[in-house]
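Novice: Show me how the following folds:
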Amino acid sequence: MFSIVKLSSADLSQTQVRRKFVADPSVEGSRYVESYDRTTLWYDAFWRGGRVYLVCPKLLNLLPLIRNACIKLDGCVTPISAVRQYRRYDTIELHSARQPSEISVAGEGFAVTSSISHEQTHLFSGLNAHTTLSRNNDIRWIRDFGSYMVKAQGLEAMLLFDNGSTDYCLEEVGATLMKTGLKQVVIVSAPFKYGLRTHQNSSRAKFLQTAMLNVARLRFLATARAVINADLDELIWSCGGNVFDLTRSSFLGFSIFSGEWRFPDPQQTDSKRHSTHDHKLEETETCPCKYCIVPQGRLQHLSWDVHRLTGLPFKKILQSSNIGFYHCHNASTQWKGTPSRRGVPKGIQNWSDSELEFDSDTRANLDRGLPKSADSELLVGRETANLWLSAG
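Specialist: Residues are numbered from 1 along each chain as shown. This next block holds a predicted model:
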């Protein structure tokens, strides 16, 4: 089954209060200013196990205002129990023996109210799960990623945070993913500002992705069997078992692994499909690590970040040699940078001008995981979504 979830967020747009910048906007320029989230106070408010959690963008100057504010759960004044601060997001916790329905915060110059959501860990309990953030990725990429991971790695459930896609409706994505053999699909609408790196190459202004990973950790995936964090253009391979089983059998309940760039076969006309990416460059750069974790394992209390767990040392020593991923160059909107430069060694202008080498191991893994089906399956998914919308 699939479901669509809306987060219980709070925004300061109707007030004069704003989050300060983490870098000088006069230096960073207009794109930095436009993409910076100054007004979201919290992305989500939910209750789980006797606590209300507020998962926030980095609070910065807003934290003292919240500490001095009057916070009410269903009209009852409630003190803050804990504030946990991380590099790109913060959480606020309040004790509540029962599930409240509403939270209000009134402080100097602002007042906000939002509903409080239920935790939904039961949807993923005991399942091999994957989570990622997506915006306007080709729906074929989403389908093919799901199909590959189901067949090649035993994936059972997906938690997809959608960052305001406009190319399709979320019902269409859910219906398409359910055609891949997944048991559970949850799509979370998260249309917040993403943020940009600074000129100093700092990612501190990119609050959203890390915060959503921890909404996933706390609200949805806490009882999953194991969870992969990987992008939709990153196809996992493994030796000696699937990535979930290997992670479950590890001492820490954690696997961290690097990736290699793969490029499409120059002879292929449809070069944007995962299935065509069976060529490599000998001198291409290694991709930053991704990981799989058992949420109830030894590292259950650590915060999830994009390429690591916050506070976990010796990342390179822990890196697995029997797990990795293929980073498919063309299966991406390539919004983060110049398409010709992704994964290309210095001195080469464009990947298509390089001497690409066919890789038989990659081809074998792609054949093992990706179906031979035509795009008719995608059309069926769209018809199902249309029927779902009509019925609603």
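Novice: surely Arg363 meets Asp278?
Specialist: Yes: contact criterion C-beta atoms under 8 Å: Arg363 and Asp278 qualify, at 4.3 Å. Using the backbone N, CA and C atoms, a C-beta is placed for each residue, glycine as well.
Novice: With neighbour numbers in mind, choose between those two.
Specialist: Summary of the neighbour comparison: Arg363 and Asp278, criterion other C-beta atoms under 10 Å, with Asp278 having more neighbours (25 against 15).
Novice: I'd say Ala69 and Val105 touch.
Specialist: Yes: proximity of Ala69 to Val105 meets the contact threshold set by C-beta under 8 Å, at 5.1 Å.
Novice: which one of these two has more residues nearby?
Specialist: Just comparing Ala69 and Val105: by other C-beta under 10 Å the higher neighbour count belongs to Val105, 21 against 18.
Novice: May I ask which helix or strand encompasses that one?
Specialist: strand 102-107 (DSSP states H and E).
Novice: What helices and strands are in contact with whichever helix or strand comes after that strand?
Specialist: Downstream of strand 102-107, the next assigned helix or strand under DSSP H and E is strand 110-115. Helices and strands in packing contact with strand 110-115 are listed as strand 10-11, strand 40-42, strand 102-107; criterion 3 or more C-beta pairs under 8 Å, 6 or more residues apart in numbering; DSSP states H and E.
Novice: same thing but 6 Å
Specialist: With contacts defined as 3 or more C-beta pairs under 6 Å, 6 or more residues apart in numbering; DSSP states H and E, the packing partners of strand 110-115 are strand 102-107.
Novice: Just the terminal-to-terminal distance for stretch 132-147.
Specialist: Using C-alpha to C-alpha, to the nearest Å, one end of stretch 132-147 lies 16 Å from the other.
Novice: Averaged pLDDT, that stretch. What do you get?
Specialist: In this model, stretch 132-147 has an average pLDDT of 97.
Novice: Quick one: the strands in the stretch 151-300 of the chain, in order.
Specialist: Ranges of strands within the stretch 151-300 of the chain are 157-162, 184-189, 226-229, 234-238, 254-262, 279-280, 286-293, based on DSSP state E, counting those that start in this stretch.
Novice: what's the closest non-adjacent residue to Thr284?
Specialist: Once flanking residues are discounted, Thr284 sits nearest to Trp261: 4.6 Å by C-beta to C-beta, 6 or more residues apart in numbering.
Novice: ok, the one you found - how many residues close by?
Specialist: Using other C-beta under 10 Å, Trp261 has 21 neighbouring residues.
Novice: Check what pLDDT it gets.
Specialist: 94.
Novice: State the distance from it to Arg308.
Specialist: In this structure, Trp261 lies at 20 Å from Arg308, with C-beta to C-beta, to the nearest Å as the measure.
Novice: Now for Lys206: which residues touch it?
Specialist: Neighbouring residues of Lys206 by C-beta atoms under 6 Å, 6 or more residues apart in numbering: Gly195.
Novice: tell me which element the spatially most central residue of the chain falls in.
Specialist: Central residue check for the chain by C-alpha atoms, centre = their mean: the C-alpha nearest the mean position is that of Thr132, 2.6 Å away. Secondary structure assignment for Thr132, by DSSP H and E: strand 128-134.
Novice: name the helices or strands packed onto that strand?
Specialist: With contacts defined as 3+ C-beta pairs under 6 Å, 6+ apart, strand 128-134 has these neighbours: strand 157-162, strand 226-229.
Novice: what's the neighbour count on the nearest residue in space to Ala69 that is not next to it in sequence?
Specialist: Nearest-residue entry for Ala69: Gly107, 3.1 Å, with adjacent residues in sequence omitted and distances by C-beta to C-beta, 6+ apart. A total of 18 residues lie near Gly107 under the criterion other C-beta under 10 Å.
Novice: which intervals of the stretch 101-250 of the chain have sub-threshold pLDDT?
Specialist: Applying pLDDT under 70 to the stretch 101-250 of the chain flags no residue at all.
Novice: Need the strands of the stretch 151-300 of the chain in a markdown table (columns: distance to Ser35).
Specialist: Listed next are the strands of the stretch 151-300 of the chain as a markdown table, based on distance: least, C-beta to C-beta, whole Å:
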| stretch | distance to Ser35 |
| --- | --- |
| strand 157-162 | 17 |
| strand 184-189 | 19 |
| strand 226-229 | 22 |
| strand 234-238 | 23 |
| strand 254-262 | 26 |
| strand 279-280 | 33 |
| strand 286-293 | 21 |
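Novice: Which one of the ones you listed lies nearest to Arg248?
Specialist: Closest to Arg248 of these is strand 226-229 (C-beta to C-beta; 5.7 Å).
Novice: neighbouring contacts of the closest one?
Specialist: Judged by C-beta under 6 Å, 6+ apart, the contacts made with strand 226-229 from elsewhere in the structure are Asn128, Ala129, His130, Leu221, Phe244, Thr247, Arg248, Lys290, Tyr291, Cys292, Ile293, Val294.
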